[in-house]
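**Q** Here is a sequence with its predicted model. Questions after.
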Amino acid sequence: MKAMGTIPADYRARDGKLLIGGSTAEAWIARAGDTPLFVYDMAIVRDRVARFRRNFPGIALHYALKANPHLPLVKAIAELVDGIDVASEGEARLALGAGMAASSISFAGPGKRDRELLTAIEAGVTINLESEGETDRALAAARGIGIRPSLAVRINPDFDLKGSGMKMGGGAKPFGVDADRVPGLIRRIVDAGADYRGLHIFAGSQALSAEAIVDAQRQGVALAARVSEEAGIAPPRVNLGGGFGIAYFPGDVPLDDAAVGAALRYTLADRPAILEQSYFAIELGRWLVGEAGVYLTRIVDRKMSHGEIFLVVDGGLHHQLAASGNFGTVVRRNYPLAVTDRFGGDAEEEVSVVGCLCTPLDRLGDHVGLPCADVGDVIAIFLAGAYGASASPAAFLGHVPSRELTIDVDQIL
């Protein structure tokens with residue numbers, strides 16, 4: 001029997017039934033109309049935002065939209081955060097449609113097409129430039145329509161985020177401008193008459209080590225000061241990226257975000273003079289929404305093969321790729337799972353929970369211990385609020401898309 005990750009403490013039971021936002025899984029399924037279903041609890045998101053505000057006073061909070069773009073969720077989050085960071089024209093339009101002011105949206109990502117640059121400039125969205133070539137194209141697009149563009153520079157830092165699940169900085173990378181070339185690019189942007197909006201530094205993601213994040217933020221502040229001093233131009237904004245992870249797997253220890261906040265306050269209190277008036281932001285996605293999501297999928301078959309029990313569900317990796325172990329992990333480990341109507345019950349048998357796709361990759365729980373479950377029962381997969389539906393191959397094999405429901409927002413998409 002293989003271990004599972006720990007179910008977030010936000011989830012409780014009533015009469016042995018899992019409660020999500022105060023109601024049972026079956027109640028939410030009835031409201032949505034069917035399984036598979038993602039349910040996102042805004043109360044948990046609000047708790048995470050409040051925690052950030054306590055631990056990071058004076059630091060702006062930006063939402064990384066790529067973590068979860070479900071429109072009702074984004075609309076609710078837009079009222080709580082200071083900005084939204086996007087990585088495509090589609091995400092920019094979604095953020096604007098969710099009510100976020102264009103001046104509070106920043107657009108990062110390599111390979112922006114001319115049309116995307118033009119759309120961002122027309123809307124007043126800040127473009128985080130990823131190269132000198134992208135700078136040329138953005139300035140040309142702005143001249144062509146007679147609009148002063150809002151431009152920032154994304155730095156490829158000369159360090160990475162130790163222990164991160166996905167490293168975004170250090171060494172040769174497709175992301176950002178190498179640090180030694182940034183000062184010259186800043187001067188060029190300013191000389192061209194653009195609205196220089198500052199710097200974006202993102203070293204990695206999904207880190208659980210407070211020490212590693214503290215070190216990366218300290219280096220990020222020093223790097224922002226160094227390139228700004230060399231350019232002779234103070235940055236209005238410094239986005240320090242995010243990287244805050246959540247505990248998915250057995251043995252994972254949750255991030256001590258209070259320690260990160262305390263260290264950042266100390267770092268900023270002693271920051272160089274050129275950064276004295278800079279607006280500092282942290283962009284978070286997974287940490288805000290990951291634990292707020294539950295993926296509900298119903299058992300359609302229970303079968304035995306060579307002495308092993310398989311619970312076959314109506315969902316799978318086409319909705320929740322990460323839980324199958326095929327999204328950014330080297331060794332497959334089990335997300336926390338539960339039988340919704342026997343929540344908290346003792347493990348009574350060893351089973352593998354598999355999806356409905358015709359591929360051996362479609363395994364959502366590998367030799368896990370669960371209470372006895374049968375056809376019609378619902379399996380809950382936790383930590384499903386980030387990189388779920390939108391990060392999975394929904395069109396694979398032509399199965400129906402998952403439903404999504406954001407609790408306390410009166411809309412289902």
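**A** Received, thanks.
**Q** domains for this structure, by residue range?
**A** 12-40+291-407, 69-284 (automatic domain parsing).
**Q** Figure out which of these is closest to residue 3.
**A** domain 69-284 (3.8 Å; Cβ to Cβ). All C-beta spots, glycine's among them, are computed from the backbone N, C-alpha and C.
**Q** for that closest one, what is the average pLDDT?
**A** Regarding domain 69-284, the rounded mean pLDDT is 92.
**Q** what's the span of it from first residue to last?
**A** Domain 69-284 has an end-to-end distance of 13 Å (Cα to Cα, to the nearest Å).
**Q** hmm, back to that, could you redo the domains of the chain as CSV and give each row mean neighbour count?
**A** Putting the domains of the chain into CSV (neighbours: other Cβ atoms under 10 Å) gives the following:
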stretch, mean neighbour count
domain 12-40+291-407, 19
domain 69-284, 19
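**Q** In TSV: those domains, plus distance to residue 54.
**A** Shown next, in TSV, are the domains of the chain (distance: least, Cβ to Cβ, whole Å):
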stretch	distance to residue 54
domain 12-40+291-407	17
domain 69-284	8
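**Q** Which among the ones you listed is found nearest to residue 4?
**A** Nearest of these (Cβ to Cβ): domain 12-40+291-407, 4.3 Å.
**Q** how far is the closest one from where the chain is centred?
**A** 20 Å (Cα atoms, centre = their mean, to the nearest Å).
**Q** Could you do stretch 271-278 as well?
**A** 29 Å.
**Q** what does that stretch contact?
**A** Residues outside stretch 271-278 that contact it (Cβ atoms under 8 Å, 6 or more residues apart in numbering) are 198, 221, 224, 225, 228, 229, 234, 235, 236, 237, 238.
**Q** can you confirm the fourth one is in a strand?
**A** No - in this structure, residue 225 is helix, not part of a strand, as judged by DSSP: H, G, I helix; E, B strand; the rest coil.
**Q** Does residue 177 touch residue 133 like I think?
**A** No - using Cβ atoms under 8 Å, residue 177 makes no contact with residue 133, being 10.4 Å away.
**Q** quick revisit: just the ones of the contacts of stretch 271-278 in strands?
**A** 198, 237, 238 (DSSP state E).
**Q** And the contacts of stretch 77-85?
**A** 45-46, 49, 60-65, 74, 95, 98-100, 104-108, 239, 281, 283, 288-289.
**Q** for it, how far is the first residue from the last?
**A** First-to-last residue span, stretch 77-85, Cα to Cα: 12 Å.
**Q** can you check stretch 355-375 too?
**A** Start-to-end, stretch 355-375 (Cα to Cα) is 14 Å.
**Q** The closest residue to residue 68 other than its chain neighbours: what secondary structure?
**A** Leaving aside its sequence neighbours, residue 68 sits nearest to residue 289 (Cβ to Cβ, 6 or more residues apart in numbering; 4.8 Å). Per three-state DSSP, the local secondary structure of residue 289 is helix.
**Q** Count residues in the vicinity of residue 289, would you?
**A** 29 (other Cβ atoms under 10 Å).
**Q** and the closest residue to residue 397 other than its chain neighbours, backbone torsions?
**A** Once flanking residues are discounted, residue 397 sits nearest to residue 357: 5.4 Å by Cβ to Cβ, 6+ apart. Main-chain torsions, residue 357, degrees, to the nearest 10: phi -80, psi 150.
**Q** what sits against residue 357?
**A** Applying Cβ under 8 Å, 6+ apart, the residues near residue 357 are 316, 317, 318, 396, 397, 399.
**Q** from these, which is closest to residue 342?
**A** Out of the contacts of residue 357, the member with the shortest distance to residue 342 (by Cβ to Cβ) is residue 316, at 21.9 Å.
**Q** quick one: contacts for the closest one?
**A** Here residue 316 is in contact with 297, 324, 354, 355, 356, 357, 362, 364, 399 (criterion: Cβ under 8 Å, 6+ apart).
**Q** Is it correct that the fifth one is in contact with residue 314?
**A** Yes - contact criterion Cβ under 8 Å: residue 356 and residue 314 qualify, at 5.8 Å.
**Q** overlap in contacts of the two?
**A** Common neighbours of residue 356 and residue 314 are listed as residue 300 (criterion: Cβ under 8 Å, 6+ apart).
**Q** tell me which element the nearest residue to residue 401 once chain neighbours are set aside is part of?
**A** Leaving aside its chain neighbours, residue 401 sits nearest to residue 394 (5.2 Å; criterion: Cβ to Cβ, 6+ apart). For residue 394, there is no host helix or strand (DSSP states H and E).
**Q** give the contact list for residue 394.
**A** 318, 319, 401, 402.
**Q** Counting by contacts, list what the strand or helix carrying residue 283 packs against.
**A** According to DSSP H and E, residue 283 maps onto strand 279-284. Counting contacts by 3 or more Cβ pairs under 8 Å, 6 or more residues apart in numbering; DSSP states H and E, strand 279-284 is packed against strand 60-64, strand 83-86, strand 237-239.
**Q** Compute the distance from the centre of that strand to the centre of its chain.
**A** 14 Å.
**Q** Parallel or antiparallel, list what pairs with it.
**A** Strand 279-284 has its sheet partners listed here by DSSP bridges as strand 60-64 (parallel), strand 237-239 (parallel).
**Q** Give me the contacts around it.
**A** For strand 279-284, using Cβ under 8 Å, 6+ apart, the contacting residues are 52, 56, 58-64, 82-83, 85, 198, 202, 236-242, 244, 268.
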